[in-house]
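Q: Got a sequence here, can you build the structure:
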Amino acid sequence: MNAPLAPSESLCTRCGFCCDGSLFGHVPVTDDEAASLPAPLEVVPREGKKTRLAFVQPCAAFCAQCTVYEARPKTCRTYRCELLKAVEAGTQTYEEAHAIVARVHERRADIERRVAEPFDQAKRSLVLNASRDVDAFLTLLAVEKDLDAFFRKHVEED
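A: So this is what the prediction gives:
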């Protein structure tokens with residue numbers, strides 16, 4: 001029998017937006033991590049200031065939940081979205097956080113149903129042609145607003 005998840009792990013495993021390509025296009029890994037990443041993660045070189053290794057999002061080990069949770073790279077283990085930070089700081093309850101995650105999942109599912117494509121493809125399609133389905137495009141804007149407000153890192157202004 002598995003031990004119950006800590007509340008933060010429960011929130012993260014229900015969410016998955018940092019794994020499914022909603023927030024990131026790639027996840028950087030060290031040489032050591034690259035050598036020991038479990039299948040199905042495939043490392044590719046990433047050009048930047050200096051070449052680094054990464055695996056591409058959506059994560060191949062994510063199928064509505066992480067299938068390599070115990071062996072995930074440091075970047076995955078240490079990432080804290082804004083919603084998780086708020087819960088840990090006590091400014092948001094777990095119940096409120098779970099409701100936000102559920103709302104974004106429902107909106108994404110609505111877009112997929114309306115456009116009849118997986119979310120990442122539907123998103124590209126709607127961005128290129130918003131008139132294809134205006135309601136789906138407006139729902140996409142709501143999803144992006146929630147991702148910005150609750151999941152993407154905020155940059156502090158001086």
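
Q: Please enumerate the strands of the chain.
A: Along the chain, counting by DSSP state E, strands occupy 26-29, 43-46, 52-56.

Q: for the first one, packing partners?
A: It refers to strand 26-29. Other helices and strands packing on strand 26-29, by 3 or more C-beta pairs under 8 Å, 6 or more residues apart in numbering; DSSP states H and E, are strand 43-46, strand 52-56, helix 74-78. (Glycine included, C-beta is placed from N, CA and C.)

Q: my read: residue 149 touches residue 82, true?
A: Yes: judged on C-beta atoms under 8 Å, residue 149 makes contact with residue 82 at a distance of 7.4 Å.

Q: can I see the domain layout of this protein?
A: 19-78, 82-151 (automatic domain parsing).

Q: Just send those domains back as a markdown table, with mean neighbour count too.
A: Putting the domains of the chain into a markdown table (neighbours: other C-beta atoms under 10 Å) gives the following:
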| stretch | mean neighbour count |
| --- | --- |
| domain 19-78 | 15 |
| domain 82-151 | 16 |
